[in-house]
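S.K.: model the following, please.
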Amino acid sequence: MHSSERFPLKVSITIVRSVAGEVFILAALALVLQNVWLVLVLLLDFGLRAIVKPQWSPLRYIAAKLISPRFGSSRKDVFYSPKRFAAAIGFSLSALSVAGFLANVALLSAIPLLLLSLFSFLEAALNYCAGCKIYGILMRSGIIPVSWCPECVKL
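M.R.: Residues are numbered from 1 along each chain as shown. Just a heads-up that it's a prediction; the model follows:
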């Protein structure tokens, strides 16, 4: 999960929080409307941000071009490695929810969406990234190499 040419070293916190707001809206709508298509959008977007190339993410594009510019010009950057880890968690939760929809198991589709809603709300509204906190714990425990993000050990 460390940085490479496909993945940036740092990202704008304003864009990150804007994407989290979008995820919150989509996850909450998917939960309320019981709409698997919205979850598939989340699955695709998390996959792009965690596995493929975050610059291809439609939610990131909307956040960068339409949402975050409305929050002013201050640009504080944060390390991408923990955000990528959080996106991988989002990908897993979205996949679990899709499996729940396909298996017609309401709790299996709903619980991951509730978690996505909670985590994305915390990031968007309070600048608290649960995935980033887990990432820091895993680094301090030696499970994730410190070389992937030396600054992240402080998380």
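S.K.: what comes into contact with the helix or strand where Val78 lies?
M.R.: Assigned by DSSP states H and E, Val78 falls within strand 77-79. Contact partners of strand 77-79, identified using C-beta atoms under 8 Å, 6 or more residues apart in numbering, comprise 9-13, 16, 149, 151-152. Placement of C-beta: from N, CA and C, glycine included.
S.K.: quick one: strands adjacent to it?
M.R.: The strands that strand 77-79 pairs with in its sheet are strand 10-12 (antiparallel) (by DSSP bridges).
S.K.: for the strand it pairs with, buried residues please.
M.R.: When burial is assessed from 16 or more other C-beta atoms under 10 Å, strand 10-12 yields the following buried residues: 11-12.
S.K.: again, but for stretch 52-71
M.R.: Applying a neighbour-count criterion of 16+ other C-beta under 10 Å, the buried positions in stretch 52-71 are 54, 57, 59-60, 63-64, 67-68.
S.K.: again with stretch 86-93
M.R.: Those would be 86-91, 93, for stretch 86-93 by 16+ other C-beta under 10 Å.
S.K.: check stretch 129-145 too.
M.R.: For stretch 129-145, by 16+ other C-beta under 10 Å, it's 129, 131-132, 134-136, 138-139, 144.
S.K.: dump stretch 18-26 to PDB, restricted to CA.
M.R.: The C-alpha atoms that make up stretch 18-26 are tabulated as PDB, following Å, rounded to 0.1, in the frame of the first residue of the first chain:
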ATOM      1  CA  SER A  18     -15.200  16.200   0.000                       C
ATOM      2  CA  VAL A  19     -14.900  12.700  -1.400                       C
ATOM      3  CA  ALA A  20     -15.900  11.400   2.100                       C
ATOM      4  CA  GLY A  21     -19.000  13.600   1.900                       C
ATOM      5  CA  GLU A  22     -19.900  12.100  -1.400                       C
ATOM      6  CA  VAL A  23     -19.400   8.600   0.000                       C
ATOM      7  CA  PHE A  24     -21.600   9.400   2.900                       C
ATOM      8  CA  ILE A  25     -24.400  10.600   0.600                       C
ATOM      9  CA  LEU A  26     -24.200   7.600  -1.700                       C
END
